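Undergrad: Quick one: sequence and predicted model below, then my questions.
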Amino acid sequence: MASYAGGCHCGAIRFRVRGVIDELVECNCSICAKTAYLHWEVEPQQFELEKGEQALSNYRFGTLQSQNYFCRTCGISPFRRSRSDPDAIDINARCLDGVALDSIPIVPFDGVHWEDQMRRLAATGEPGVSGESGVSDERGEPGVSDGT
């Protein structure tokens, strides 16, 4: 099993993760789009925080289910616990050292329409961006996506 090192921009947070990167997921929800997050989910036992627990801060919004960890110094989010799978560690593949991201397939995920996307995944097992327009929050009101 491959092992990858990664971290935030300033180096205050460093981690190691073991696994095979078969594909990455690109979500179009508000936070993922604004942070250019490329998701690689792993089991917690595959992840080791080597440095920087004190440098981590956590941002929650919308449903308050996701835990969006970021560095207090540089603001980079190297990993999180997502709303889609809160038991997994969701690695930001852009924070892995020396990984050729252009050689890994990227699967779109429609986080703008998170509930519909999760129903589609449960029914078919095949993710995809729906192409629908509009953004709604957890109450169904326009304006804010709660995709994570």
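TA: Nice, I can see it.
Undergrad: gap between the residue positioned nearest the centre of the chain and residue 78?
TA: Taking C-alpha atoms, centre = their mean, the centroid of the chain lies closest to residue 39, which sits 4.3 Å from it. Using C-beta to C-beta, to the nearest Å, residue 39 is found at 12 Å from residue 78. Heads up, the C-betas are built off the backbone N, CA and C, glycines and all.
Undergrad: Now the common contact residues for these two.
TA: Contact criterion C-beta atoms under 8 Å, 6 or more residues apart in numbering; residues shared by residue 39 and residue 78: 91-92.
Undergrad: Output stretch 35-44 as PDB, restricted to C-alpha atoms.
TA: Extracted in PDB, the C-alpha atoms of stretch 35-44 (Å, rounded to 0.1, in the frame of the first residue of the first chain):
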ATOM      1  CA  THR A  35     -11.200  26.000  -1.700                       C
ATOM      2  CA  ALA A  36     -10.600  23.900  -4.800                       C
ATOM      3  CA  TYR A  37     -10.800  20.700  -2.700                       C
ATOM      4  CA  LEU A  38     -10.200  17.400  -4.400                       C
ATOM      5  CA  HIS A  39     -11.500  14.600  -2.100                       C
ATOM      6  CA  TRP A  40      -9.800  11.300  -1.300                       C
ATOM      7  CA  GLU A  41     -11.600   9.500   1.500                       C
ATOM      8  CA  VAL A  42      -9.700   7.000   3.700                       C
ATOM      9  CA  GLU A  43     -10.400   5.000   6.800                       C
ATOM     10  CA  PRO A  44      -9.200   6.700  10.000                       C
END
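Undergrad: check contacts around the nearest residue in space to residue 10 that is not next to it in sequence.
TA: Leaving aside its sequence neighbours, residue 10 sits nearest to residue 74 (C-beta to C-beta, 6 or more residues apart in numbering; 4.0 Å). Residue 74 makes contact with 8-10, 12, according to C-beta under 8 Å, 6+ apart.
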